[in-house]
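Enquirer: below are the sequence and a predicted model; questions follow.
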Amino acid sequence: MSGKVVLYYFNGRGKMESIRWLLTVAGVEFEEVFFTERAQYEKLVNDGSLLFHQVPMVEMDGMKLVQTKAILNYIAGKYNLYGKDLKERAWIDAYAESARDIMDVIMVTPFTPPEKKQSHLEGLQVKAKVRTLPAFEKALGASQFLVGGQLSCADVTFFEASLMLEELFPTILSSFPNIQAFQKRMKAIPAISKFLQPGSKRKPQPDEVYVKTVTSVLSHMFK
């Protein structure tokens, strides 16, 4: 295994997108291997690369890391994006997990049956406006960043989640001025500004090709 960081996933967002975001903010270059057929996934399972037979998987520092949260925490810890002590890490985890809760709901939307999609989105919007966004609005009223007065993985994860919410509900942040100001600060970070430009490794919203590829490669999960 070389010293390169290599990501194994689909050519789409999914659970790997937060990892792409965090590596980008940390200034870590990475390569990607995209699954296009089930045989690629089965090969990784058979050679023992996928500990729990799940993706994403990241080759990094001589390890084949799996489980999204474990990967994110490793990157955050290594690149000083995980707070100064255990108390800060606890709050970082709380905010990051809340943001991921929202993103998990968004991620399954393309796989939701058409007759259930409208109620799915309505439930997401209510949860975000009533429970999630007010908590972040309050936290960002007291500081430029969510925890400890400095950039952490929680900020990166929530920024990603806020952009995803706006893609679905363009005016959802209209009554949250602190979050809007936070977005402007995050967009001013050079690595993020570059990642938001066309041609970066940031992935677009899922389309039919992405959905078809995922359901084909991971067919055992869609039976």
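Expert: Great, that's in hand. Numbers count the residues shown, from 1 in each chain.

Enquirer: where do the strands sit along the protein?
Expert: 6-9, 31-34, 57-60, 63-66 (DSSP state E).

Enquirer: who wins for proximity to residue 20 among these?
Expert: Minimum separation from residue 20 across the strands of the chain (CB to CB) falls at strand 6-9, 7.1 Å. C-beta here means a position set from N, CA and C on the backbone, and glycine is covered the same way.

Enquirer: excluding sequence neighbours, find me the nearest residue to residue 30.
Expert: residue 5 (4.2 Å; CB to CB, 6 or more residues apart in numbering).

Enquirer: one more: residue 120?
Expert: Per CB to CB, 6+ apart, closest to residue 120 is residue 112, 5.0 Å.

Enquirer: and for residue 22?
Expert: residue 75 (5.0 Å).

Enquirer: what are the ranges of the helices in the protein?
Expert: Assigned by DSSP state H, the helices in the chain fall at 17-26, 38-46, 68-78, 86-108, 114-127, 133-142, 153-168, 177-187, 190-195, 208-217.

Enquirer: with mean neighbour count and mean pLDDT as extra columns, can I get these in TSV?
Expert: Compiled in TSV, those are given as follows (neighbours: other CB atoms under 10 Å; pLDDT from 0 to 100):
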stretch	mean neighbour count	mean pLDDT
helix 17-26	22	98
helix 38-46	14	96
helix 68-78	18	97
helix 86-108	17	97
helix 114-127	12	95
helix 133-142	16	96
helix 153-168	22	98
helix 177-187	16	98
helix 190-195	14	98
helix 208-217	15	96
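
Enquirer: of the ones you listed, which is nearest residue 52?
Expert: Residue 52 lies closest, by CB to CB, to one member of these: helix 38-46, at 9.8 Å.

Enquirer: tell me what that closest one is packed against?
Expert: helix 208-217 (3 or more CB pairs under 8 Å, 6 or more residues apart in numbering; DSSP states H and E).

Enquirer: and the angle from the helix it packs on to helix 38-46?
Expert: 50 degrees (axes from the mean of the first three to the mean of the last three CA atoms, to 10 degrees).

Enquirer: heads up, I number from 13, so please use that
Expert: With the count now opening at 13, the last piece we talked about shows up as helix 220-229.

Enquirer: packing partners for helix 220-229?
Expert: Helix 220-229 packs on helix 50-58, going by 3+ CB pairs under 8 Å, 6+ apart.
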